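Novice: Okay, structure incoming, though there's no sequence with it:
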């Protein structure tokens, strides 16, 4: 049988029929989908945010100017190559964001820079544009970009390719889950830019396939996430190999004591730019979804997903096992759904992300691997099916909606014992 979703997609339903009147098939699974019993959820790994319901409730107040005193500019105002200007225009970019206005000129001048910015502020282009310009002027220049997740590394590489079209600038993408021999072959072609994640980069350095002394520009992106997910030792490892003469660009949403330790050993006489104004996006409606117990969560989620306006929904769960179970249940109920988490191959993760971007699936399930850095257009809703572990995790999760001046919605499931 088939049902008609509000956005016009038709999906097959196995095991029962449902429609916009919210009739549901019988669930194949009983209880919650978090990958743990309710009792164990209350154990050592329980969210630190339990009991703080008010932080998940906030009405969108509209997009506000980050720096009112920054004059309106266009990318043509920057001292960059004509080829680069054309590529920027071809992407449809005319006016730079505040962080781009503040960061691009000093990077073009060769200054070290600390960029403090919330997710979705355009910082990738803020460092890529001057790096591309620098390499185009002198093809002996090379740049090395370290980022915490595979998906963000892929996104940066894709942006690099589009910004540097027809400029004879080449890159190597070094991430886990992909063929290392292919990556070694890419390195032997002497790319202008190397982009990678800490684990794979460290492997290649230890195999003597990657020598950091060959690079003049270094970027540490999303440093707070690298520290949060346990890559601080890898970052210190990389710092030990960096040449003394270099340009260093450092981007993070926060500066904790651990991050400051990295910072002091990475940049020299830096200029600092900041466009952080609020912890959460001003154009994201935030609310809670109350359920009496975990057994009710799947039916409540079902009711939401068949409601008007839930056109492109990103759902976050706590564990890989829980995400797998939830995917099977939603697929059983007829939703067009995909999932990404650490146990999926890189190829699978990229295919699912592309399907979600192209509206071939309506619902994407993810662990926090997808909470930062991903630029997925037109996400209508972010749903926290499981509570995030920290408030920073929450901020970065909901940053996937309400982007590019649009209003988004973030909903957080809260059980009655919270």
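Specialist: Here it is on my side, so go on. Every value quoted in this text rests on a predicted model; they were computed, and no experiment measured them. Residues are numbered from 1 along each chain as shown.

Novice: can you give me the helices for the stretch 151-300 of the chain?
Specialist: 180-188, 198-206, 223-228, 232-239, 257-264, 297-305 (DSSP state H, counting those that start in this stretch).

Novice: now do the stretch 1-150 of the chain
Specialist: Counting by DSSP H, counting those that start in this stretch, the helices of the stretch 1-150 of the chain are 38-41, 82-90, 98-108, 123-137, 150-163.

Novice: what would those look like in a markdown table with mean pLDDT?
Specialist: Below are these laid out as a markdown table (pLDDT from 0 to 100):
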| stretch | mean pLDDT |
| --- | --- |
| helix 38-41 | 38 |
| helix 82-90 | 96 |
| helix 98-108 | 95 |
| helix 123-137 | 97 |
| helix 150-163 | 93 |
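
Novice: Indicate which one of these is closest to residue 177.
Specialist: helix 150-163 (6.2 Å; Cβ to Cβ). (C-beta placed from N, C-alpha, C; glycine too.)

Novice: re the thing from before, JSON lines for the helices of the stretch 1-150 of the chain, including distance to residue 348 and mean neighbour count?
Specialist: Putting the helices of the stretch 1-150 of the chain into JSON lines (distance: least, Cβ to Cβ, whole Å; neighbours: other Cβ atoms under 10 Å) gives the following:
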{"stretch": "helix 38-41", "distance to residue 348": "28", "mean neighbour count": "13"}
{"stretch": "helix 82-90", "distance to residue 348": "31", "mean neighbour count": "16"}
{"stretch": "helix 98-108", "distance to residue 348": "33", "mean neighbour count": "22"}
{"stretch": "helix 123-137", "distance to residue 348": "24", "mean neighbour count": "23"}
{"stretch": "helix 150-163", "distance to residue 348": "11", "mean neighbour count": "20"}
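
Novice: Next, format these as CSV and append distance to residue 326.
Specialist: Shown next, in CSV, are the helices of the stretch 1-150 of the chain (distance: least, Cβ to Cβ, whole Å):
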stretch, distance to residue 326
helix 38-41, 15
helix 82-90, 40
helix 98-108, 35
helix 123-137, 30
helix 150-163, 20
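
Novice: right, so of the ones you listed, which gets closest to residue 213?
Specialist: helix 123-137 (17.4 Å).

Novice: and that closest one with helix 150-163, angle?
Specialist: 50 degrees (axes from the mean of the first three to the mean of the last three Cα atoms, to 10 degrees).

Novice: Helix 123-137 packs against which elements?
Specialist: helix 82-90, helix 98-108, strand 113-116, strand 143-146, helix 150-163, strand 217-220, strand 247-252 (3 or more Cβ pairs under 8 Å, 6 or more residues apart in numbering; DSSP states H and E).

Novice: so that helix versus helix 98-108, what angle?
Specialist: 30 degrees.

Novice: quick one, helix 123-137 and helix 82-90 angle?
Specialist: 150 degrees.

Novice: outside of helix 123-137, which residues touch it?
Specialist: Here helix 123-137 makes contact (Cβ atoms under 8 Å, 6 or more residues apart in numbering) with 75, 78, 80-81, 83-84, 88, 93, 96-97, 99-100, 103-104, 107-108, 115, 117, 141-143, 145, 155-156, 159-160, 163-164, 167, 169, 192-193, 217, 219, 221, 249, 251.

Novice: Tell me what the nearest residue to residue 414 once chain neighbours are set aside is bridged to.
Specialist: Once flanking residues are discounted, residue 414 sits nearest to residue 288: 4.6 Å by Cβ to Cβ, 6 or more residues apart in numbering. On the basis of DSSP bridges, residue 288 is bridged to residue 412.

Novice: Could you verify my assumption that residue 288 touches residue 55?
Specialist: No - the pair residue 288 and residue 55 does not pass the contact test of Cβ atoms under 8 Å, sitting 9.8 Å apart.

Novice: and those two? which has more neighbours close in?
Specialist: residue 288 (17 against 14; other Cβ atoms under 10 Å).

Novice: before we move on, back to that, now the helices and strands packed on helix 123-137 in CSV, with distance to residue 400?
Specialist: CSV is the format used below for the helices and strands packed on helix 123-137 (distance: least, Cβ to Cβ, whole Å):
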stretch, distance to residue 400
helix 82-90, 24
helix 98-108, 19
strand 113-116, 20
strand 143-146, 22
helix 150-163, 11
strand 217-220, 22
strand 247-252, 18
